[in-house]
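Undergrad: sequence and predicted structure below; questions after.
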Amino acid sequence: MIQFKLEGEFIPLIQLLKATGLVGSGGDAQTAVEDGEVKCNGEVEFRKRYKVRIGDIITFGQDKIEVI
């Protein structure tokens, strides 16, 4: 599991995927979200600008990101 330290109130979902290195570009992140490949707290998330906050668990493939 990847632990990501949040430096503000929230981070947009596509920026989180880029910041953790799970995608190569913003376009790749947008495609993954649009295709339903990303879950937030166990639910498929289709909103690219979803505001990820402390305590959220993001799942992308076999990778999990814990936002702390």
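TA: Looks like it arrived, so ask away.
Undergrad: so what's G36 up against?
TA: V44, F46 (CB atoms under 8 Å, 6 or more residues apart in numbering). Heads up, the C-betas are built off the backbone N, CA and C, glycines and all.
Undergrad: please report how far it lies from L6.
TA: Remark: distance between G36 and L6 (CB to CB, to the nearest Å) = 24 Å.
Undergrad: next: S25.
TA: Going from S25 to L6 by CB to CB gives 22 Å.
Undergrad: more neighbours: the two, which one.
TA: L6 (15 against 11; other CB atoms under 10 Å).
Undergrad: where does the more buried one land in three-state SS?
TA: For L6, the assignment made with DSSP: H, G, I helix; E, B strand; the rest coil gives coil.
Undergrad: looks like it contacts I68 (just checking).
TA: Yes. With contact defined as CB atoms under 8 Å, L6 counts as touching I68 (7.0 Å).
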